[in-house]
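Participant: Return atomic coordinates for the entry below.
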Amino acid sequence: MAQDGFNASFADPAWDGVTVPAGQHCPLQGGAGATPPLDVSGLPEGTSQINLSFNDETYEPMNNGGHGVLGFAVEAGATSASLPAVPGATEDLPEGVTLVTANKTSGGFLTPGYMPPCSGGAGNTYSVDVIAVDNAGAELATTRVTLGTY
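Facilitator: The predicted structure is shown next:
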């Protein structure tokens, strides 16, 4: 559900929404990818966490959170939040960040935590759904940010 005023944008100019920045792909293909840092504004009242659901829109099995879902704790009453970059392919997450849903990788692609783009440069489109949730886990608002192609 979209909500007027709920917005997310890149906090690092290397991320332009057109092309995934160099090196921000999976370790299997020589990268050391991390989530893009995001600035989120217009948080609805009652938001306790922001979930980032990472997608490969081109490859259906990895769409709808296929690259993992991370949760970022939000201070009570906050109307905005700055979400830091989180390294991919690791279970070692920063304080205040949790793994909500593991990525859907398997075989040689299997990795813990967030799975950075891993299409081998085939031109797949990657995105993140930014979801404000309350203490009960109910979705309050959502918006999508295109990460770019890789």
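
Participant: doesn't residue 126 make contact with residue 55?
Facilitator: Yes: with contact defined as CB atoms under 8 Å, residue 55 reaches residue 126; the gap is 6.6 Å. In short, each C-beta sits where N, CA and C put it, glycine included.

Participant: Need the overlap of contacts for the two.
Facilitator: Residues touching both residue 55 and residue 126 (CB atoms under 8 Å, 6 or more residues apart in numbering) are residue 67.

Participant: Going by how many neighbours each has, rank these two and give me the top one.
Facilitator: Higher neighbour count among residue 55 and residue 126: residue 126, with 27 against 23, using other CB atoms under 10 Å.

Participant: Surely the more buried one is within a strand?
Facilitator: Yes: the assignment for residue 126 is a strand, going by DSSP: H, G, I helix; E, B strand; the rest coil.

Participant: Looking at strand pairing, list the partners for it.
Facilitator: Here residue 126 sits in beta bridges with residue 56, residue 148, going by DSSP bridges.

Participant: so what's residue 32 closest to, chain neighbours aside?
Facilitator: Nearest in space to residue 32, with sequence neighbours left out and distances taken as CB to CB, 6 or more residues apart in numbering, is residue 23 at 5.9 Å.

Participant: Residue 41 too?
Facilitator: residue 80 is the one closest to residue 41 (CB to CB, 6+ apart), at 4.4 Å.

Participant: Strands along this structure, start to end?
Facilitator: In the chain, the segments counted as strands under DSSP state E are 7-10, 38-41, 49-56, 69-73, 80-83, 97-101, 125-133, 139-149.
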